[in-house]
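Student: need coordinates for the following:
(2 chains)
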Amino acid sequence: AQKITQTQPGMFVQEKEAVTLDCTYDTSDQSYGLFWYKQPSSGEMIFLIYQGSYDEQNATEGRYSLNFQKARKSTNLVISASQLGDSAMYFCAMREGIYNYGQNFVFGPGTRLSVLP
Amino acid sequence: GAGVSQSPRYKVAKRGQDVALRCDPISGHVSLFWYQQALGQGPEFLTYFQNEAQLDKSGLPSDRFFAERPEGSVSTLKIQRTQQEDSAVYLCASSLRDRGPYNEQFFGPGTRLTVL
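Tutor: The predicted model follows:
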């Protein structure tokens, strides 16, 4: 079974509007971290935002915020006031057992976001 | 430089050739990871180092893949007798600690390997 599911292969949004990218995950761990990365066409992976499983409040970082619903195992990324430079692939990733050594990331398949002028 | 660097950025190899991909992590970062990213897909884990110790190599697809980090800083991923299915972007990432919350991974720009 997929550990990370991103059901939207592609999304379009008008410039200056908000957009939500979906991510659901599957884990039996109690301690885990959820990360969102942006990958522009140039290829580098850019860290955006983090949500810990014990965090009681939704994470926010500038125009990025998470709608974290632990019981539903979902962590949707909300980008407010979209800009043309937001056009990229967006990956949701999970790190299980965060208090254990060396837990690697498991990435979802990604969502390609296109911002329209 | 302040970030993770990888070299070469692009590598073309003939099938059967050996290749070596280099990663320079952020100075002082304990953990180093290698990922393989096929076109249009998310990265997939290959191997993990804690300093110079390779603690997890469960993601290496075959015994043709070998990684090392002998002094706990620079790492090399070597692929022997390359096959066409090895064509992908190879990403290196490092993180400051080896466990704990937050602890995001910082990624390099990747090496795009094309096997002809």
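Student: show me the contacts for residue 19.
Tutor: Assuming you mean chain A. A:11, A:13, A:78, A:79, A:82, A:113 (Cβ atoms under 8 Å, 6 or more residues apart in numbering or on different chains). C-beta: built from backbone N, CA, C; applies to glycine.
Student: chain B is the one I meant
Tutor: With Cβ under 8 Å, 6+ apart, residue B:19 has these contacts: B:11, B:13, B:78, B:79, B:82, B:113.
Student: now list the buried members of these.
Tutor: B:11, B:13, B:79, B:82, B:113 (16 or more other Cβ atoms under 10 Å in any protein chain shown).
Student: in strands only, show me these.
Tutor: With strands taken from DSSP state E, the overlap with the buried ones among the contacts of residue B:19 comprises B:11, B:13, B:79, B:113.
Student: which bits of chain A sit near chain B?
Tutor: A:4, A:31, A:33, A:35, A:37, A:42-47, A:50, A:52, A:54, A:91, A:93, A:95, A:98-110 (Cβ under 8 Å from any Cβ of the partner chain).
Student: now, which of the contacts of residue A:19 sits nearest chain B?
Tutor: Of all the contacts of residue A:19, chain B sits closest to residue A:113, with 14.5 Å by Cβ to the nearest Cβ.
Student: ok, the closest one - how many residues close by?
Tutor: Using other Cβ atoms under 10 Å in any protein chain shown, residue A:113 has 21 neighbouring residues.
Student: in which helix or strand does it reside?
Tutor: strand A:111-116 (DSSP states H and E).
Student: so what touches that strand?
Tutor: With Cβ under 8 Å, 6+ apart as the criterion, strand A:111-116 contacts A:6, A:8-15, A:19, A:21-22, A:79, A:82-90.
Student: for it, which residues meet the burial criterion?
Tutor: Under the neighbour-count rule (16+ other Cβ under 10 Å), strand A:111-116 has A:111, A:113, A:115 buried.
Student: in its sheet, what does that strand sit against?
Tutor: strand A:10-14 (parallel), strand A:88-96 (antiparallel) (DSSP bridges).
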